[in-house]
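Asks: the following block contains a protein sequence and its predicted model.
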Amino acid sequence: MKSPATHYFHPLARSLHWSMAVLIIAMLFIGVGMVASVSPHHAWLVALHKPLGIALLGLAMLRLIVRLTHSTPPLPTDLPGWQKLAAKLSHYLLYVLMFAQPLVGWAMLSAGGYPIMLGSSLQLPPLLAQNIQSYALLRPTHTWLAYLFFATILVHAAAGLFHGLIRRDGVFTSMTGSRH
Amino acid sequence: MTDSNRTGFGNTAARLLTIGGLISAVASAFAWTAGWLDPTRLTPQRLIDQVEHNIGVHAGYRRAHAKGMCVTGYFEGNGQASAYSRASVFTAERIPVLGRFATANGNPHSTDDSVPVRSLALRFDLPDGQQWRTAMNAIAVAPFATPQTFYDQAVASRPDPATGKPDPAVMQAFFDAHPDTLPFRTWIKSFTPSSSWANGTYNGLDAFRLLNAQGNSQAVRWSMVSELPYAPLADTDKTDPDFLHRDLQRRLNQGELRFHLILTLAAASDPTNNATLAWPAERQQIDAGTLVLQQAISQDEGACRDVNYDPTILPDGIATSDDPLLGARSAVYSESFNRRTFENASASTSTRP
Ligand code: HEM
Ligand code: HEM
Ligand code: HEM
């Protein structure tokens, strides 16, 4: 199934990468902003946060399938081994977080006994039964995973820019698709 | 800088600085959004902190309306509101209800007459899995129009260590600076609380919107009105610190309690963004159905303990309005719910299923 190695990620992988990057970063800002707000924005931010989070879970599934069915461009051969390892591990971590963060959001609302409304009438079933012990575990987990997600994205973006602006070794362009 | 810095190395340094600048800009924007950089921003956390500062932390209890009792029963609509709202709660169907009566004191060990304000919160469990949650007070208008006034009042009413009571001069300055407290202060002067939770009228106060099958929107406020006539609280009632609790239990042992859900429809000129302003008395009202309460259970054992009666949890057919209290209440109740639920989870691993 896998297509032969090229210098670029598959166009579908690239568009998923950049659209999800925008949406995930937006979700992190919406999340920390809405829980720190008593303004009228709170209500519509929460109303946006839940359906967008579930949409990202769907996109993450699609992305995993694309990733597993297409080959990825190799990293430059002169890249130090520890950097290759760091790149690989951080990508694994980002995938785990892309699934875990929305799943924890869904599960924590279930454990808290909340109806999981994605719009005025669209509703998801609970992932687990109401239980305050689970809620007390999942609610802080949603916060700490979000911080870990944000920190990982910052390091990942810094590394990406390091390749693009300083090493200029084709790693950055493998994701942007441009030739320079 | 040395000469060599201006060539390749200087260029690289500039690019590194660009990367560092970009990353720190995004990180700072995140910290700002989270409210970490601005200690004066009113957040749900700071609002609850202030409440705890005033009345102490009563672990496991609601940070407001802390003392109360769970009730269960059902609601039966009559179809009369269905022209205005497509919510299934208004059709002629029995829907289970989990409710909670309370007094508006943040101290769970207070006496039942410690504050004049009583409340009724309800969770309607609709057949399709949707829910309607509402938290209502037995007062005619809201005591404040915005969360800022609530917070400023909490700051102003911090007990003076010398007297154990709020400083009257500070309170007066607060009232002068917050005219939105005037309608409530005027109203409460002539108010005597009812003798029982069972004979009160509970008002949602905030405005909402009803949406019908055609998508038309109608601004609304609602009340739960007892079938029992109002009777004023007598001094003899107050001898028992838990008289509201005992009275409710006694009445429910004898039979059901019935309330009517009264919807008040706004005219175009009525304010929906200010819960301190009453709508004119002649507004059209609809008796949308009957609430029947059958059982009372202490809040330590009842299921209402672990419910967040967030007034923005609404079924399809009812929506929020531009009332600024609604978003604030949602955010603050969530923070209160999180704190008390974490406390209950760590305290009661064995005592509750
Ligand atoms: C929410 C934010 C982001 C997430 C979750 C994310 C995730 C990922 C993942 C999982 C990969 C591995 C390829 C794949 O399977 O898609 C990747 C590659 C890449 N990302 Fe991101 N990314 C994010 C933001 C960014 C940003 C802001 C940049 C900008 C500098 C960036 C630059 C890159 C580059 C250059 C690659 C290719 C790396 C390689 O070939 O190994 N990413 N990203
Ligand atoms: C990529 C997906 C997601 C991201 C990045 C994300 C991020 C966040 C962040 C940063 C917060 C603030 C946490 C805090 O400061 O305590 C938050 C809160 C919240 N999230 Fe998410 N989230 C995601 C998905 C979801 C999903 C799928 C749901 C539910 C269906 C959800 C429901 C919530 C709720 C209800 C809160 C506020 C909880 C409260 O008031 O206590 N999130 N989220
Ligand atoms: C910004 C303004 C307000 C703030 C900050 C506030 C604060 C709170 C807090 C912290 C709780 C405890 C929530 C929990 O832990 O579950 C609570 C409960 C409650 N509030 Fe408010 N409140 C506000 C406005 C109102 C208004 C306008 C009403 C009247 C309609 C109201 C009625 C109630 C009721 C009935 C409860 C008890 C719910 C129950 O029994 O669980 N509140 N409030």
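Replies: Structure's in. What do you need? Ligands and ions are numbered 1, 2, ... in the order given.

Asks: any idea how far B:Ser346 is from the closest residue to ligand 2 within chain A?
Replies: Nearest residue of chain A to ligand 2: A:Gly31, at 2.1 Å (C-beta to the nearest ligand atom). C-beta: built from backbone N, CA, C; applies to glycine. Using C-beta to C-beta, to the nearest Å, we find A:Gly31 at a distance of 24 Å from B:Ser346.

Asks: just B:Glu335 next, same as before
Replies: B:Glu335 sits at a distance of 17 Å from B:Ser346 (criterion: C-beta to C-beta).

Asks: pick out whichever of those two has more residues nearby.
Replies: B:Glu335 (20 against 13; other C-beta atoms under 10 Å in any protein chain shown).

Asks: B:Val225 belongs to a strand?
Replies: Yes. Counting by DSSP: H, G, I helix; E, B strand; the rest coil, B:Val225 falls inside a strand.

Asks: ok, it - how many residues close by?
Replies: B:Val225 has 19 neighbours, counted by other C-beta under 10 Å.

Asks: ok, now A:Ile153?
Replies: A:Ile153 has 19 neighbouring residues, counting by other C-beta under 10 Å.

Asks: same thing with A:Thr176?
Replies: By other C-beta under 10 Å, 15 other residues sit near A:Thr176.

Asks: residues contacting it?
Replies: Neighbour list for A:Thr176: A:Arg14, A:Gly164 [criterion: C-beta atoms under 8 Å, 6 or more residues apart in numbering or on different chains].

Asks: and for B:Met136?
Replies: B:Ser119, B:Leu120, B:Ala121, B:Leu122, B:Tyr202, B:Asn203, B:Gly204, B:Leu205, B:Trp222, B:Ser223, B:Met224 are the contacts of B:Met136 under C-beta under 8 Å, 6+ apart.

Asks: any idea which of those is closest to ligand 2?
Replies: B:Ala121 (18.1 Å).

Asks: neighbours around the closest one, how many?
Replies: Using other C-beta under 10 Å, B:Ala121 is surrounded by 26 other residues.

Asks: kindly report the same for the one 5 residues further on.
Replies: A count of neighbours around B:Leu126, defined by other C-beta under 10 Å, yields 20.

Asks: quick one: it from ligand 3, how far?
Replies: 19 Å (C-beta to the nearest ligand atom, to the nearest Å).

Asks: my guess is that residue contacts B:Phe90. True?
Replies: No. B:Leu126 is beyond contact range of B:Phe90, at 10.4 Å (criterion: C-beta atoms under 8 Å).

Asks: got phi/psi on the residue of chain A closest to ligand 2?
Replies: Backbone torsions of A:Gly31, given as degrees, to the nearest 10, read phi -60, psi -60.

Asks: next, the contact list for it, please.
Replies: Applying C-beta under 8 Å, 6+ apart, one finds that A:Gly31 lies in contact with A:His49, A:Ala146.

Asks: ok, now B:Val292?
Replies: Going by C-beta under 8 Å, 6+ apart, B:Val292 touches B:Gly73, B:Tyr74, B:Phe75, B:Glu76, B:Glu256, B:Leu257, B:Arg258.

Asks: you'd agree the second one is in a strand?
Replies: Yes. Assignment of B:Tyr74 by three-state DSSP places it within a strand.

Asks: return the set of residues that bridge with it.
Replies: Bridge pairing for B:Tyr74 (DSSP bridges) gives the partners B:Pro96, B:Val292.

Asks: beyond the helix ranked longest in chain B, next helix or strand please.
Replies: Secondary structure of chain B per DSSP state H: the longest helix is helix B:8-33. With elements assigned by DSSP states H and E, the helix or strand that comes after helix B:8-33 is helix B:44-55.

Asks: now the helices for chain B?
Replies: According to DSSP H, chain B carries its helices in the segments B:3-6, B:8-33, B:44-55, B:147-156, B:168-177, B:182-188, B:243-254, B:324-347.

Asks: closest one to B:Gln80 among the ones you listed?
Replies: Smallest distance to B:Gln80 across the helices of chain B (C-beta to C-beta): 25.1 Å, for helix B:324-347.

Asks: show me the shaky parts of the chain.
Replies: You didn't say which chain, so I picked chain A. Across chain A, residues meeting the criterion (pLDDT under 70) sit at A:1-5, A:179-180.

Asks: oops, I was thinking of chain B
Replies: B:1-7, B:349-353.

Asks: contact partners for B:Ala275?
Replies: B:Ala275 is in contact with B:Val141, B:Ala142, B:Ala145, B:Leu205, B:Asp206, B:Ala207, B:Asp323, B:Leu325, counting by C-beta under 8 Å, 6+ apart.

Asks: again but with B:Asp206, I slipped
Replies: Neighbouring residues of B:Asp206 by C-beta under 8 Å, 6+ apart: B:Ala142, B:Arg221, B:Ala275, B:Pro311, B:Ser321, B:Asp323, B:Leu325, B:Leu326, B:Arg329.

Asks: same deal with B:Phe337?
Replies: Residues in contact with B:Phe337 (C-beta under 8 Å, 6+ apart) are A:Gly112, B:Asn308, B:Asp310.

Asks: next one: B:Phe144
Replies: Applying C-beta under 8 Å, 6+ apart to B:Phe144 gives the contacts B:Phe150, B:Gln153, B:His178, B:Asp180, B:Thr181, B:Phe184, B:Thr276, B:Leu325.

Asks: ok, so what distance separates the second one from ligand 3?
Replies: What that stands for is B:Gln153. 10 Å.

Asks: pretty sure that residue is in contact with B:Phe174, am I right?
Replies: Yes. Using C-beta under 8 Å, B:Gln153 makes contact with B:Phe174 at a distance of 6.2 Å.

Asks: please name the nearest non-neighbouring residue to A:Pro40.
Replies: In space, and not counting its chain neighbours, A:Pro40 is closest to B:Gly327: 4.6 Å by C-beta to C-beta, 6 or more residues apart in numbering or on different chains.

Asks: still on that earlier bit, dump the contacts of B:Met136 into a markdown table; add distance to A:His10 as well.
Replies: Shown next, in a markdown table, are the contacts of B:Met136 (distance: C-beta to C-beta, whole Å):
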| residue | distance to A:His10 |
| --- | --- |
| B:Ser119 | 58 |
| B:Leu120 | 58 |
| B:Ala121 | 53 |
| B:Leu122 | 53 |
| B:Tyr202 | 60 |
| B:Asn203 | 59 |
| B:Gly204 | 54 |
| B:Leu205 | 56 |
| B:Trp222 | 55 |
| B:Ser223 | 60 |
| B:Met224 | 59 |
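
Asks: return the subset of those lying in strands.
Replies: B:Ser119, B:Leu120, B:Ala121, B:Leu122, B:Tyr202, B:Asn203, B:Trp222, B:Ser223, B:Met224 (DSSP state E).

Asks: any idea how far the fourth one is from A:Val66?
Replies: Applying C-beta to C-beta, the value for B:Leu122 to A:Val66 is 47 Å.

Asks: of these two, which one has the most company?
Replies: Higher neighbour count among B:Leu122 and A:Val66: B:Leu122, with 26 against 16, using other C-beta under 10 Å.

Asks: quick check: beta-bridge partners of that one?
Replies: The partner residues for B:Leu122, given DSSP bridges, come to B:Gly99, B:Thr134.

Asks: flag every residue of chain B that's near ligand 2.
Replies: Contact residues (C-beta under 6 Å from any ligand atom) of chain B with ligand 2: B:Ser334, B:Asn338.
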